[in-house]
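Trainee: Please find the sequence and the predicted model below.
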Amino acid sequence: MELSKDGVEDTVSQDELDTITTFIYDGSVEDPFRPTMKSIDGLQYLRNLDTITIKYSDITNVDALSEFDSLAYLDLIGNHKLTNIEGLYGLNSLGHVDISNNRSLQNTEGLRNLHQVHGSIFITNNPSLITLGLVNLETIGDDLYITNNNALERIDGLESLVSVIGSIVIEDNDSITEFTSAQRLELGGFVVFSVMNNKNLETISFNPNYLTSLPIVEIKDNQSLRSVTGLSGLNNLTTLTISNTKVNYVEVDVISKNPAHTLQFNEIDLRNNAILDLSQFNRIDGSRTMTVDATGQVETLVVPYVNGKFVMDNPLKDIEGNPIKPTVKNGTYDATSNTITFNPKDGQTEFGFDWSVSTGISALYENYKFSRESYCFTRRYDHCEF
(Lines give C-alpha, C1' and ligand atoms only; values in the text may rest on other atoms or scores of the structure.)
Protein backbone atom coordinates (compact mmCIF):
# COMPACT_ATOMS: atom_id res chain seq x y z
CA MET A 1 0.00 0.00 0.00
CA GLU A 2 1.27 3.49 -0.81
CA LEU A 3 1.38 6.02 2.06
CA SER A 4 2.05 9.02 -0.27
CA LYS A 5 5.28 10.01 1.46
CA ASP A 6 8.20 11.77 -0.23
CA GLY A 7 11.00 9.91 1.55
CA VAL A 8 11.98 7.53 4.33
CA GLU A 9 12.41 10.39 6.78
CA ASP A 10 8.80 11.55 6.48
CA THR A 11 6.70 11.06 9.57
CA VAL A 12 4.03 8.35 9.43
CA SER A 13 1.17 8.51 11.89
CA GLN A 14 -0.26 5.49 13.69
CA ASP A 15 -3.56 6.14 11.93
CA GLU A 16 -1.80 5.76 8.59
CA LEU A 17 -0.03 2.60 9.73
CA ASP A 18 -3.38 1.20 10.82
CA THR A 19 -4.58 1.31 7.21
CA ILE A 20 -2.01 -1.32 6.18
CA THR A 21 -3.43 -4.85 6.14
CA THR A 22 -0.89 -6.74 4.02
CA PHE A 23 2.87 -7.26 4.32
CA ILE A 24 4.69 -9.25 1.63
CA TYR A 25 8.44 -9.80 1.31
CA ASP A 26 9.76 -12.19 -1.33
CA GLY A 27 13.53 -12.46 -1.38
CA SER A 28 13.46 -15.00 -4.19
CA VAL A 29 13.00 -12.11 -6.61
CA GLU A 30 16.46 -10.73 -7.36
CA ASP A 31 16.83 -6.99 -6.89
CA PRO A 32 20.37 -5.51 -6.78
CA PHE A 33 19.03 -2.36 -5.15
CA ARG A 34 17.28 -4.15 -2.30
CA PRO A 35 19.31 -5.97 0.36
CA THR A 36 18.02 -9.21 1.87
CA MET A 37 15.72 -8.54 4.81
CA LYS A 38 17.32 -9.50 8.13
CA SER A 39 14.65 -8.34 10.61
CA ILE A 40 10.93 -7.66 10.77
CA ASP A 41 11.21 -5.24 13.68
CA GLY A 42 8.60 -2.56 13.15
CA LEU A 43 5.80 -4.86 12.03
CA GLN A 44 4.41 -4.64 15.55
CA TYR A 45 3.23 -1.15 14.67
CA LEU A 46 1.11 -2.42 11.77
CA ARG A 47 -1.67 -3.39 14.13
CA ASN A 48 -4.26 -4.27 11.48
CA LEU A 49 -2.18 -6.67 9.43
CA ASP A 50 -4.14 -9.75 8.42
CA THR A 51 -1.83 -11.09 5.71
CA ILE A 52 1.89 -11.70 6.26
CA THR A 53 4.14 -13.37 3.70
CA ILE A 54 7.88 -13.62 4.34
CA LYS A 55 9.85 -15.64 1.79
CA TYR A 56 13.59 -16.22 1.47
CA SER A 57 14.76 -13.67 4.02
CA ASP A 58 17.58 -13.78 6.56
CA ILE A 59 15.34 -13.21 9.58
CA THR A 60 16.23 -15.19 12.70
CA ASN A 61 13.00 -14.66 14.65
CA VAL A 62 9.43 -13.40 14.33
CA ASP A 63 9.26 -11.69 17.72
CA ALA A 64 7.73 -8.56 16.17
CA LEU A 65 4.51 -10.54 15.63
CA SER A 66 3.98 -11.39 19.30
CA GLU A 67 1.06 -8.96 19.73
CA PHE A 68 -1.07 -10.50 16.97
CA ASP A 69 -3.84 -12.85 18.07
CA SER A 70 -5.25 -13.65 14.62
CA LEU A 71 -4.26 -13.48 10.96
CA ALA A 72 -6.04 -14.40 7.76
CA TYR A 73 -2.89 -15.55 6.01
CA LEU A 74 0.61 -16.44 7.22
CA ASP A 75 3.43 -17.64 4.98
CA LEU A 76 6.93 -18.33 6.31
CA ILE A 77 8.82 -19.93 3.45
CA GLY A 78 12.52 -20.39 2.74
CA ASN A 79 13.81 -18.40 5.72
CA HIS A 80 16.90 -20.51 6.29
CA LYS A 81 18.19 -18.71 9.41
CA LEU A 82 14.89 -18.99 11.27
CA THR A 83 15.29 -21.56 14.09
CA ASN A 84 11.98 -21.04 15.89
CA ILE A 85 8.70 -19.14 15.59
CA GLU A 86 8.32 -18.32 19.27
CA GLY A 87 7.07 -14.84 18.39
CA LEU A 88 3.77 -16.34 17.20
CA TYR A 89 2.71 -17.45 20.68
CA GLY A 90 -0.10 -14.86 20.78
CA LEU A 91 -1.94 -16.33 17.79
CA ASN A 92 -5.14 -18.23 18.58
CA SER A 93 -6.72 -18.13 15.11
CA LEU A 94 -5.40 -18.31 11.54
CA GLY A 95 -7.09 -18.49 8.19
CA HIS A 96 -4.21 -20.21 6.38
CA VAL A 97 -0.65 -21.06 7.36
CA ASP A 98 2.30 -22.33 5.31
CA ILE A 99 5.57 -23.04 7.11
CA SER A 100 7.83 -24.58 4.49
CA ASN A 101 11.43 -24.83 3.34
CA ASN A 102 12.91 -23.28 6.48
CA ARG A 103 16.22 -25.07 6.68
CA SER A 104 17.04 -24.38 10.37
CA LEU A 105 13.55 -24.41 11.91
CA GLN A 106 13.50 -26.92 14.78
CA ASN A 107 9.94 -26.67 16.09
CA THR A 108 6.60 -24.95 15.65
CA GLU A 109 5.95 -24.57 19.37
CA GLY A 110 5.39 -20.85 18.86
CA LEU A 111 1.92 -21.87 17.66
CA ARG A 112 1.11 -23.54 20.99
CA ASN A 113 -1.82 -21.19 21.66
CA LEU A 114 -3.35 -21.65 18.21
CA HIS A 115 -6.87 -23.09 18.56
CA GLN A 116 -8.29 -22.97 15.05
CA VAL A 117 -7.23 -22.70 11.43
CA HIS A 118 -10.09 -21.88 9.09
CA GLY A 119 -8.23 -23.00 5.97
CA SER A 120 -5.21 -25.26 5.46
CA ILE A 121 -1.96 -25.94 7.28
CA PHE A 122 1.19 -26.81 5.36
CA ILE A 123 4.27 -27.85 7.34
CA THR A 124 6.59 -29.14 4.64
CA ASN A 125 10.24 -29.46 3.71
CA ASN A 126 11.70 -28.31 7.02
CA PRO A 127 14.72 -30.64 7.32
CA SER A 128 15.63 -29.68 10.92
CA LEU A 129 12.10 -29.81 12.34
CA ILE A 130 12.03 -32.12 15.37
CA THR A 131 8.70 -31.38 17.07
CA LEU A 132 5.37 -29.84 16.12
CA GLY A 133 3.93 -28.53 19.36
CA LEU A 134 0.47 -27.55 18.10
CA VAL A 135 -0.84 -28.73 21.45
CA ASN A 136 -4.01 -26.60 21.56
CA LEU A 137 -5.04 -26.81 17.92
CA GLU A 138 -8.64 -28.07 17.84
CA THR A 139 -10.06 -27.48 14.35
CA ILE A 140 -8.79 -27.25 10.78
CA GLY A 141 -11.24 -26.00 8.17
CA ASP A 142 -9.48 -27.58 5.21
CA ASP A 143 -6.32 -29.67 4.76
CA LEU A 144 -3.39 -30.65 6.98
CA TYR A 145 -0.13 -31.44 5.20
CA ILE A 146 2.91 -32.65 7.14
CA THR A 147 5.41 -33.73 4.51
CA ASN A 148 9.15 -33.99 3.89
CA ASN A 149 10.27 -33.12 7.41
CA ASN A 150 13.04 -35.68 7.70
CA ALA A 151 14.11 -34.97 11.30
CA LEU A 152 10.55 -35.22 12.64
CA GLU A 153 10.41 -38.34 14.82
CA ARG A 154 6.75 -38.30 15.84
CA ILE A 155 3.54 -36.70 14.65
CA ASP A 156 2.80 -35.51 18.16
CA GLY A 157 1.71 -32.19 19.55
CA LEU A 158 -1.73 -32.61 17.97
CA GLU A 159 -3.40 -34.01 21.06
CA SER A 160 -6.22 -31.45 21.06
CA LEU A 161 -7.13 -31.81 17.39
CA VAL A 162 -10.75 -32.95 17.09
CA SER A 163 -11.94 -31.78 13.67
CA VAL A 164 -10.52 -31.66 10.15
CA ILE A 165 -12.83 -30.88 7.24
CA GLY A 166 -10.36 -31.51 4.42
CA SER A 167 -7.58 -34.05 3.94
CA ILE A 168 -4.77 -35.20 6.18
CA VAL A 169 -1.53 -36.03 4.39
CA ILE A 170 1.47 -37.45 6.29
CA GLU A 171 4.14 -38.14 3.69
CA ASP A 172 7.91 -38.51 3.26
CA ASN A 173 8.85 -37.91 6.90
CA ASP A 174 11.77 -40.31 7.17
CA SER A 175 12.26 -40.33 10.95
CA ILE A 176 8.76 -40.75 12.39
CA THR A 177 8.08 -44.14 13.96
CA GLU A 178 4.48 -43.81 15.13
CA PHE A 179 1.29 -41.86 14.55
CA THR A 180 -0.97 -41.91 17.58
CA SER A 181 -2.23 -38.34 17.78
CA ALA A 182 -5.56 -39.05 16.13
CA GLN A 183 -7.19 -40.53 19.22
CA ARG A 184 -9.93 -37.86 19.43
CA LEU A 185 -10.07 -36.87 15.79
CA GLU A 186 -13.41 -36.28 14.06
CA LEU A 187 -13.36 -35.88 10.30
CA GLY A 188 -15.97 -34.32 8.06
CA GLY A 189 -16.46 -33.45 4.41
CA PHE A 190 -14.63 -35.23 1.61
CA VAL A 191 -11.63 -36.32 3.59
CA VAL A 192 -8.62 -38.28 2.40
CA PHE A 193 -6.42 -39.67 5.14
CA SER A 194 -3.12 -40.37 3.41
CA VAL A 195 0.02 -41.75 5.05
CA MET A 196 2.67 -42.47 2.45
CA ASN A 197 6.38 -43.16 2.16
CA ASN A 198 7.38 -42.64 5.79
CA LYS A 199 10.13 -45.23 5.73
CA ASN A 200 10.56 -45.74 9.50
CA LEU A 201 6.89 -45.50 10.54
CA GLU A 202 5.98 -48.65 12.51
CA THR A 203 2.52 -48.02 14.00
CA ILE A 204 -0.65 -46.08 13.21
CA SER A 205 -3.37 -45.97 15.85
CA PHE A 206 -6.83 -44.40 15.71
CA ASN A 207 -9.73 -44.23 18.10
CA PRO A 208 -12.55 -45.88 16.11
CA ASN A 209 -15.19 -43.89 17.97
CA TYR A 210 -14.09 -40.67 16.29
CA LEU A 211 -13.52 -41.71 12.68
CA THR A 212 -16.97 -42.80 11.60
CA SER A 213 -17.24 -40.35 8.69
CA LEU A 214 -13.84 -40.94 7.09
CA PRO A 215 -14.38 -42.03 3.43
CA ILE A 216 -10.85 -42.61 2.12
CA VAL A 217 -7.81 -44.19 3.78
CA GLU A 218 -4.57 -44.52 1.86
CA ILE A 219 -1.64 -46.07 3.70
CA LYS A 220 1.07 -46.87 1.19
CA ASP A 221 4.81 -47.37 0.84
CA ASN A 222 5.61 -47.24 4.56
CA GLN A 223 8.20 -49.99 4.44
CA SER A 224 8.55 -50.47 8.24
CA LEU A 225 4.85 -50.27 9.12
CA ARG A 226 3.62 -53.36 11.02
CA SER A 227 0.45 -52.23 12.79
CA VAL A 228 -2.66 -50.24 11.84
CA THR A 229 -5.33 -50.26 14.55
CA GLY A 230 -8.62 -48.51 15.18
CA LEU A 231 -10.14 -48.90 11.71
CA SER A 232 -13.20 -50.80 12.91
CA GLY A 233 -15.33 -47.69 13.35
CA LEU A 234 -15.06 -46.49 9.75
CA ASN A 235 -18.68 -46.82 8.67
CA ASN A 236 -18.49 -44.65 5.55
CA LEU A 237 -15.40 -45.85 3.74
CA THR A 238 -15.36 -45.70 -0.04
CA THR A 239 -11.69 -46.58 -0.50
CA LEU A 240 -9.29 -48.56 1.67
CA THR A 241 -5.67 -48.99 0.65
CA ILE A 242 -2.97 -50.54 2.81
CA SER A 243 -0.12 -51.55 0.55
CA ASN A 244 3.65 -51.94 0.45
CA THR A 245 4.01 -52.34 4.21
CA LYS A 246 4.86 -55.11 6.69
CA VAL A 247 1.29 -55.26 8.03
CA ASN A 248 0.15 -58.86 8.54
CA TYR A 249 -3.32 -58.23 9.97
CA VAL A 250 -6.15 -55.92 8.88
CA GLU A 251 -9.17 -55.12 11.03
CA VAL A 252 -11.73 -56.50 8.63
CA ASP A 253 -14.55 -55.54 11.00
CA VAL A 254 -14.52 -52.43 8.86
CA ILE A 255 -16.02 -54.60 6.08
CA SER A 256 -17.76 -57.19 8.23
CA LYS A 257 -21.34 -58.42 8.52
CA ASN A 258 -22.08 -55.70 11.06
CA PRO A 259 -25.14 -53.90 9.61
CA ALA A 260 -23.75 -50.58 10.87
CA HIS A 261 -21.20 -50.73 8.09
CA THR A 262 -22.94 -49.35 5.01
CA LEU A 263 -19.89 -49.30 2.78
CA GLN A 264 -20.12 -48.21 -0.83
CA PHE A 265 -16.82 -49.44 -2.22
CA ASN A 266 -16.23 -52.65 -4.18
CA GLU A 267 -12.48 -53.07 -3.93
CA ILE A 268 -9.89 -53.08 -1.18
CA ASP A 269 -6.19 -52.81 -2.00
CA LEU A 270 -4.00 -54.84 0.36
CA ARG A 271 -1.15 -55.57 -2.02
CA ASN A 272 2.44 -56.18 -1.03
CA ASN A 273 2.11 -56.52 2.72
CA ALA A 274 2.88 -59.51 4.97
CA ILE A 275 -0.55 -61.17 5.12
CA LEU A 276 -0.15 -64.97 5.07
CA ASP A 277 -3.27 -65.91 7.04
CA LEU A 278 -6.46 -65.32 5.03
CA SER A 279 -8.79 -66.49 7.81
CA GLN A 280 -9.03 -62.90 9.01
CA PHE A 281 -11.23 -62.23 5.96
CA ASN A 282 -13.80 -64.82 6.99
CA ARG A 283 -15.94 -62.14 8.63
CA ILE A 284 -16.58 -60.29 5.37
CA ASP A 285 -20.21 -60.37 4.29
CA GLY A 286 -20.36 -62.99 1.56
CA SER A 287 -23.39 -61.34 -0.04
CA ARG A 288 -21.38 -58.21 -0.82
CA THR A 289 -19.85 -57.92 -4.28
CA MET A 290 -16.30 -57.01 -3.45
CA THR A 291 -12.74 -57.70 -4.56
CA VAL A 292 -9.93 -57.82 -2.05
CA ASP A 293 -6.58 -57.67 -3.83
CA ALA A 294 -4.01 -59.15 -1.47
CA THR A 295 -1.38 -60.23 -3.95
CA GLY A 296 2.33 -59.83 -3.44
CA GLN A 297 2.49 -60.73 0.25
CA VAL A 298 6.06 -61.07 1.54
CA GLU A 299 7.10 -61.90 5.07
CA THR A 300 10.59 -62.44 6.46
CA LEU A 301 10.53 -65.91 7.97
CA VAL A 302 13.13 -67.44 10.26
CA VAL A 303 13.65 -71.00 9.00
CA PRO A 304 15.29 -73.44 11.45
CA TYR A 305 18.21 -75.53 10.15
CA VAL A 306 17.75 -79.09 11.43
CA ASN A 307 19.98 -82.05 10.50
CA GLY A 308 21.13 -80.46 7.27
CA LYS A 309 17.65 -79.35 6.24
CA PHE A 310 15.56 -76.20 6.48
CA VAL A 311 12.18 -77.01 8.05
CA MET A 312 9.39 -74.47 8.45
CA ASP A 313 5.76 -74.56 9.46
CA ASN A 314 3.48 -73.75 6.55
CA PRO A 315 2.31 -70.17 7.32
CA LEU A 316 -0.51 -70.15 4.77
CA LYS A 317 -4.17 -70.34 5.80
CA ASP A 318 -7.27 -70.01 3.68
CA ILE A 319 -10.35 -67.99 4.57
CA GLU A 320 -11.68 -70.83 6.75
CA GLY A 321 -8.40 -71.06 8.66
CA ASN A 322 -7.32 -74.31 6.97
CA PRO A 323 -3.80 -74.82 5.59
CA ILE A 324 -3.21 -73.89 1.96
CA LYS A 325 -1.17 -76.52 0.15
CA PRO A 326 1.91 -74.92 -1.40
CA THR A 327 3.74 -76.06 -4.51
CA VAL A 328 7.33 -76.35 -3.28
CA LYS A 329 10.46 -75.77 -5.35
CA ASN A 330 13.48 -77.87 -4.34
CA GLY A 331 11.68 -79.23 -1.32
CA THR A 332 8.65 -81.11 -0.05
CA TYR A 333 5.38 -80.41 1.73
CA ASP A 334 4.06 -82.75 4.45
CA ALA A 335 0.30 -82.30 4.85
CA THR A 336 0.20 -84.35 8.05
CA SER A 337 2.59 -82.06 9.93
CA ASN A 338 1.81 -79.04 7.72
CA THR A 339 5.52 -78.38 7.25
CA ILE A 340 7.71 -77.41 4.33
CA THR A 341 11.19 -78.92 4.08
CA PHE A 342 14.06 -77.74 1.91
CA ASN A 343 17.04 -80.07 1.51
CA PRO A 344 19.98 -78.05 0.11
CA LYS A 345 22.12 -79.86 -2.43
CA ASP A 346 25.11 -78.77 -4.46
CA GLY A 347 24.08 -76.53 -7.31
CA GLN A 348 20.78 -75.51 -5.76
CA THR A 349 20.66 -71.78 -5.10
CA GLU A 350 16.96 -71.02 -4.81
CA PHE A 351 14.07 -72.46 -2.85
CA GLY A 352 10.49 -71.35 -2.58
CA PHE A 353 6.82 -72.16 -2.88
CA ASP A 354 3.91 -71.02 -5.01
CA TRP A 355 0.25 -70.94 -4.09
CA SER A 356 -3.06 -69.67 -5.29
CA VAL A 357 -6.51 -69.71 -3.78
CA SER A 358 -9.97 -68.44 -4.65
CA THR A 359 -11.71 -67.11 -1.55
CA GLY A 360 -15.04 -66.02 -2.98
CA ILE A 361 -14.11 -62.40 -2.36
CA SER A 362 -10.95 -62.45 -4.45
CA ALA A 363 -8.35 -64.55 -6.17
CA LEU A 364 -4.98 -64.43 -4.44
CA TYR A 365 -1.70 -65.53 -5.98
CA GLU A 366 1.74 -65.59 -4.49
CA ASN A 367 5.24 -66.84 -5.15
CA TYR A 368 7.82 -67.03 -2.37
CA LYS A 369 11.45 -67.49 -3.34
CA PHE A 370 14.39 -67.70 -0.97
CA SER A 371 18.06 -68.15 -1.77
CA ARG A 372 20.07 -70.63 0.26
CA GLU A 373 22.18 -67.73 1.50
CA SER A 374 19.13 -65.91 2.83
CA TYR A 375 18.02 -69.04 4.67
CA CYS A 376 21.46 -69.36 6.15
CA PHE A 377 21.54 -65.84 7.49
CA THR A 378 17.98 -65.80 8.83
CA ARG A 379 18.13 -69.03 10.73
CA ARG A 380 19.04 -68.89 14.44
CA TYR A 381 22.47 -70.49 14.25
CA ASP A 382 25.99 -69.12 14.16
CA HIS A 383 26.95 -70.77 10.89
CA CYS A 384 25.54 -73.04 8.25
CA GLU A 385 26.93 -75.95 6.28
CA PHE A 386 25.63 -77.50 3.07
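Mentor: Ah, there it is.

Trainee: I'd assumed G87 was in contact with D63.
Mentor: Yes - between D63 and G87 there is a contact under CB atoms under 8 Å: 3.9 Å. Quick note: C-beta positions are derived from backbone N, CA and C, even for glycine.

Trainee: pLDDT weak spots in the stretch 201-350 of the chain?
Mentor: Applying pLDDT under 70 to the stretch 201-350 of the chain flags residues 210-212, 252-267, 278-292, 299-302, 346-350.

Trainee: mind listing the strands for it?
Mentor: Taking DSSP state E, counting those that start in this stretch as the test, the strands found in the stretch 201-350 of the chain are 203-206, 216-220, 227-229, 239-243, 267-269, 291-293, 305-306, 309-313, 327-329, 331-334, 339-342, 350-358.

Trainee: Same list, the ones you listed, but as a markdown table with distance to V191 and mean neighbour count please.
Mentor: As requested, these are exported to a markdown table (distance: least, CB to CB, whole Å; neighbours: other CB atoms under 10 Å):
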| stretch | distance to V191 | mean neighbour count |
| --- | --- | --- |
| strand 203-206 | 13 | 20 |
| strand 216-220 | 7 | 21 |
| strand 227-229 | 17 | 17 |
| strand 239-243 | 11 | 20 |
| strand 267-269 | 18 | 19 |
| strand 291-293 | 23 | 17 |
| strand 305-306 | 50 | 15 |
| strand 309-313 | 42 | 17 |
| strand 327-329 | 44 | 15 |
| strand 331-334 | 46 | 14 |
| strand 339-342 | 44 | 20 |
| strand 350-358 | 34 | 16 |
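
Trainee: For L129, which of those is the nearest?
Mentor: strand 203-206 (20.1 Å; CB to CB).

Trainee: What is the closest one packed up against?
Mentor: Packing partners of strand 203-206 (3 or more CB pairs under 8 Å, 6 or more residues apart in numbering; DSSP states H and E): strand 178-182, strand 227-229.

Trainee: Need these in TSV (columns: distance to D15).
Mentor: Below are the helices and strands packed on strand 203-206 laid out as TSV (distance: least, CB to CB, whole Å):
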stretch	distance to D15
strand 178-182	45
strand 227-229	58
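
Trainee: what sits against L152?
Mentor: Counting by CB atoms under 8 Å, 6 or more residues apart in numbering, L152 touches 129-132, 146, 173, 175-176.

Trainee: Report the buried members of these.
Mentor: Listed as buried from these are 129, 132, 146, 173, 175-176; burial here means 16 or more other CB atoms under 10 Å.

Trainee: Surely L201 is in contact with R226?
Mentor: No - counting by CB under 8 Å, L201 stays clear of R226, with 9.5 Å between them.

Trainee: Would you mind telling me which of the two has the busier surroundings?
Mentor: Shown here are L201 and R226; by other CB atoms under 10 Å, L201 has more neighbours (26 against 16).

Trainee: ok, now how distant is the more buried one from L231?
Mentor: Distance, L201 to L231, using CB to CB, to the nearest Å: 16 Å.

Trainee: Repeat that for D313.
Mentor: Distance, D313 to L231, using CB to CB: 29 Å.

Trainee: Show me where this structure has its helices.
Mentor: Assigned by DSSP state H, the helices in the chain fall at 14-17, 372-378.

Trainee: Just give me the lowest mean pLDDT stretch among those.
Mentor: In terms of mean pLDDT, the lowest-scoring of those is helix 372-378 (a mean of 40).

Trainee: Sort out for me which of the buried ones among the contacts of L152 are in strands.
Mentor: Members of those lying in strands (criterion: DSSP state E): I146.

Trainee: Sort the buried ones among the contacts of L152 by pLDDT and name the bottom one.
Mentor: Within these, L132 has the lowest pLDDT, namely 89.

Trainee: Run a quick neighbour tally on S66.
Mentor: By other CB under 10 Å, 15 other residues sit near S66.

Trainee: Also T83?
Mentor: 16.

Trainee: The one 10 residues further on too?
Mentor: For S93, the tally of surrounding residues (other CB under 10 Å) stands at 15.

Trainee: I'd like the distance from D18 to R47, if you could.
Mentor: Remark: distance between D18 and R47 (CB to CB) = 6 Å.

Trainee: and if you look at I340?
Mentor: Distance of I340 to R47, computed by CB to CB: 75 Å.

Trainee: and what of N314?
Mentor: From N314 across to R47, the span is 73 Å (CB to CB).

Trainee: So for these two, which sits in the more crowded spot?
Mentor: More crowded of N314 and R47, by other CB under 10 Å: N314, with 20 against 12.

Trainee: Can you name the residues that contact the more buried one?
Mentor: N314 makes contact with 323-324, 326, 333, 338-340 under the criterion CB under 8 Å, 6+ apart.

Trainee: I'd assumed G331 was in contact with N343.
Mentor: Yes - using CB under 8 Å, N343 is in contact with G331, at 6.5 Å.

Trainee: overlap in contacts of the two?
Mentor: Taking CB under 8 Å, 6+ apart as the criterion, N343 and G331 both touch F310.

Trainee: and the nearest residue to T327 once chain neighbours are set aside, what are its bridge partners?
Mentor: Distances taken as CB to CB, 6 or more residues apart in numbering place D354 nearest to T327, at 4.6 Å, with adjacent residues excluded. On the basis of DSSP bridges, D354 is bridged to T327, N367.

Trainee: I figured D354 hits P326, correct?
Mentor: Yes - using CB under 8 Å, D354 is in contact with P326, at 6.7 Å.

Trainee: residue contacts, N136?
Mentor: Contact analysis of N136 by CB under 8 Å, 6+ apart lists 112-115, 160.
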